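1. Sequence below, structure please.
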Amino acid sequence: MEPTTSGRWHETIEHHEASVHQWRVSRLRHLGIPAPLAEVYAGRIDWHQIARLVQRGCPPLLALRIVG
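-> Numbering: from 1, shown residues only. Predicted structure coming up:
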């Protein structure tokens, strides 16, 4: 494999990971988590768990505290 191909592969993976992170941040923001906290926790927690708690009436920050 050529070095340029390998470099492109890593760039593609990094771009994908960044896209996934930003999508998770947007999901957390949509649930009511402030932007700075969403950025920190996007890669550390399952946003689905937060969503379930918020949908049941749990305040977003409390849900983050429970799950985080």
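
2. Could you list the low-pLDDT ranges of the protein?
-> Per-residue confidence for the chain (pLDDT under 70) gives these ranges: 1-7, 9-13.

3. was I right about residue 35 contacting residue 29?
-> Yes - if you go by Cβ atoms under 8 Å, residue 35 and residue 29 touch, sitting 6.2 Å apart. All C-beta atoms are positioned from the backbone trio N, CA, C, and that covers glycine.

4. residue boundaries of the helices in the protein?
-> 3-30, 35-41, 47-55, 60-67 (DSSP state H).

5. In JSON lines, list the ones you listed along with mean neighbour count.
-> Output for the helices of the chain, formatted as JSON lines (neighbours: other Cβ atoms under 10 Å):
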{"stretch": "helix 3-30", "mean neighbour count": "12"}
{"stretch": "helix 35-41", "mean neighbour count": "15"}
{"stretch": "helix 47-55", "mean neighbour count": "16"}
{"stretch": "helix 60-67", "mean neighbour count": "16"}
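
6. gap between the two ends of stretch 34-49?
-> Stretch 34-49 stretches 17 Å from its first residue to its last (Cα to Cα, to the nearest Å).

7. Tell me who's in contact with the residue nearest to residue 50 when sequence neighbours are not counted.
-> Nearest in space to residue 50, with sequence neighbours left out and distances taken as Cβ to Cβ, 6 or more residues apart in numbering, is residue 63 at 4.7 Å. Going by Cβ atoms under 8 Å, 6 or more residues apart in numbering, residue 63 touches 31, 49-50, 53-54.

8. Next: residue 19.
-> Under the criterion of Cβ under 8 Å, 6+ apart, residue 19 has no contact partners.
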